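# Sharing a model that was predicted from the sequence below.
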Amino acid sequence: MAQHNIFGQTGEAIAKQFIEASGYEIMDENWVSGKAEVDLIAYRDSKIVFIEVKTRSSSGFGQPEDFVNPSKQRLMRQAADEYIYLMNFQGEIRFDIIAILFDKNGSYKLRHIEDAFWFD
């Protein structure tokens, strides 16, 4: 497996642990619908939360959350629509980003951005 894939999996594991420790219930991981994938799908306070995890080793090209571009957001929305349909969910949803930035010493900073983007 490529090094960047292992790095991404490490970030997703950290994010999952953080979300669970914050009181969320993990419903699914790496859920795929067509070309879209959602890293984590969680539930808390009667809401389904679709979470994109971005892990980077440098902010030289921007912060991790900067890489959740409009195209990625649209794909997440498509996946969310399918998930909501399959689960027959009638409540509120939210799109979050968990941004993880590692430094050269292997330490990291995690930011949980709630309601990172939305759609009409």
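Noted; the coordinates are in hand. Residues are numbered from 1 along each chain as shown.
# Show the pLDDT at the residue in the chain sticking out farthest from the centre.
Distance from the C-alpha centroid of the chain peaks at Asn105, with 24.3 Å (C-alpha atoms, centre = their mean). Listed pLDDT for Asn105 reads 90.
# Tell me the secondary structure of it, please.
coil (DSSP: H, G, I helix; E, B strand; the rest coil).
# what about Gly106, neighbour count?
Applying other C-beta atoms under 10 Å, we find 7 residues neighbouring Gly106. C-betas here are computed from N, CA, C, even on glycine.
# Can you tell me how far it is from Met76?
Distance of Gly106 to Met76, given as C-beta to C-beta, to the nearest Å: 29 Å.
# Can I get the least confident helix or strand in the chain by mean pLDDT in PDB? Just the C-alpha atoms.
Lowest by mean pLDDT, DSSP states H and E among the helices and strands of the chain is helix 3-21, with a mean of 85. Output of helix 3-21 as PDB, limited to C-alpha atoms (Å, rounded to 0.1, in the frame of the first residue of the first chain):
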ATOM      1  CA  GLN A   3       2.600   5.600   2.000                       C
ATOM      2  CA  HIS A   4       0.000   8.300   1.500                       C
ATOM      3  CA  ASN A   5      -2.800   5.700   1.900                       C
ATOM      4  CA  ILE A   6      -1.300   4.500   5.200                       C
ATOM      5  CA  PHE A   7      -1.000   8.100   6.300                       C
ATOM      6  CA  GLY A   8      -4.700   8.700   5.400                       C
ATOM      7  CA  GLN A   9      -5.800   5.600   7.300                       C
ATOM      8  CA  THR A  10      -3.900   6.800  10.300                       C
ATOM      9  CA  GLY A  11      -5.800  10.100  10.200                       C
ATOM     10  CA  GLU A  12      -9.100   8.300   9.800                       C
ATOM     11  CA  ALA A  13      -8.300   6.100  12.800                       C
ATOM     12  CA  ILE A  14      -7.500   9.200  14.900                       C
ATOM     13  CA  ALA A  15     -10.600  10.900  13.700                       C
ATOM     14  CA  LYS A  16     -12.800   7.900  14.600                       C
ATOM     15  CA  GLN A  17     -11.300   7.700  18.100                       C
ATOM     16  CA  PHE A  18     -11.900  11.500  18.600                       C
ATOM     17  CA  ILE A  19     -15.500  11.300  17.300                       C
ATOM     18  CA  GLU A  20     -16.400   8.300  19.500                       C
ATOM     19  CA  ALA A  21     -14.800  10.000  22.600                       C
END
